[in-house]
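turn this into a model:
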Amino acid sequence: MKISKETIEVLKNFSGINPNLVIKQGNKLSTIADAKNIMADVTVSEVFDTEVGIYDLNEFLSALNLIEDPELDFGDNSVTIANNRASVNYRYSDPLILTSPQKEVNMPDPDFTVKITSNTISEIRKAGGALGHAVVSISSPEDSDKVYLEVKDPDNSSANIYRLNIGNDESRTYDFQFLISNLKLLPDDYEISVSSKLISQWKGVNTKTQYFIALEKNSTFNS
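This is a model prediction of the structure:
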């Protein structure tokens, strides 16, 4: 089996969420953060016939990088990564000692939905770095019928705020807060569904990718 560049990018992305990975049989890869605040799954082009436990995903990616244009042969206890000149025998870890999703997320009915572009997500990250803020919120203030993305410090009302107008909502007020560091997303545009039960779903528009990201407990919603 060859691993596509797209799937390698998925593995790199997953390594930022959890260093462990359990590859199940089939064509879906999934991971969950140790804190259980981020879960992701991606449908890939490859179909895996063997369950594979990887303790250190970055190490596995480094092993892949040692071999140019490698072919992967998944055995019972290890995978052989090889071309006609060189090979690496990479042993599996016991999936029972690894952190992996045990069930699918049952997403509640959303209280708010919006689509944002990859460029907007990049702007959020840049604003967080420039202003030294850790939080981005989707908010509709009491005194406005607008919906904003705000990069801010919720604990400091005098702090600078970066604000983007992303829509209108005349009937409700809310402040759905996320840690910017939890937006560990593959580059894509995303359809976002947010629930007042402090969970959100981010579905890739151009890829078969979805993330479930927890909201911060300071989030508020008034219907």
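
domains in this protein, by residue range?
With domains defined by automatic domain parsing, the chain comprises 5-97, 112-222.

what about the longest strand in this structure?
strand 38-48 (DSSP state E).

before we move on, what SS does Q102 have?
At Q102 the chain is in coil, as set by DSSP: H, G, I helix; E, B strand; the rest coil.

just the one 4 residues further on next, same as before
Secondary structure of N106, reduced to three states by three-state DSSP: coil.

repeat for T120
Assignment for T120 (three-state DSSP): helix.

pLDDT wise, what is it at?
For T120, the pLDDT comes out at 96.

over to E104?
89.

burial check on it, number of neighbours?
10 (other Cβ atoms under 10 Å). Where C-beta positions appear, they are placed from N, C-alpha and C, glycine not excepted.

and for N206?
Neighbour tally, N206, other Cβ under 10 Å: 11.

also the one 4 residues further on?
Q210 has 20 neighbours, counted by other Cβ under 10 Å.

out of everything not next to it in sequence, what's closest to it?
Spatially, and ignoring its direct neighbours in sequence, Q210 is nearest to K203 (4.8 Å; Cβ to Cβ, 6 or more residues apart in numbering).

any idea which element Q177 lies in?
strand 173-179 (DSSP states H and E).

list of residues touching that strand?
Strand 173-179 has contacts (Cβ atoms under 8 Å, 6 or more residues apart in numbering) with 111-112, 134-142, 154, 194, 196, 200, 213, 215-216, 218-222.

next one: stretch 72-90
Against stretch 72-90 from outside (Cβ under 8 Å, 6+ apart): 1-3, 48-50, 52, 60, 63-64, 66-71, 91-92.

which among the domains of the chain is found nearest to K103?
domain 5-97 (10.1 Å; Cβ to Cβ).

distance of S122 relative to I199?
S122 sits at a distance of 24 Å from I199 (criterion: Cβ to Cβ, to the nearest Å).

on that earlier part again, rounded mean pLDDT for the strand holding Q177, please.
Mean predicted lDDT for strand 173-179 stands at 95.

now for the helix or strand following it, which elements pack on it?
Next in sequence after strand 173-179, counting helices and strands by DSSP H and E, comes strand 190-195. The contact analysis (3 or more Cβ pairs under 8 Å, 6 or more residues apart in numbering; DSSP states H and E) places strand 190-195 against strand 112-116, strand 199-204.

returning to that earlier point: tell me who's in contact with the residue nearest to Q210.
K203 neighbours (Cβ under 8 Å, 6+ apart): Y190, E191, I192, S193, T209, Q210.

settle it for me: which of S122 and I199 has more neighbours?
Legend: neighbour count by other Cβ under 10 Å for S122 and I199, higher for I199 (19 against 11).
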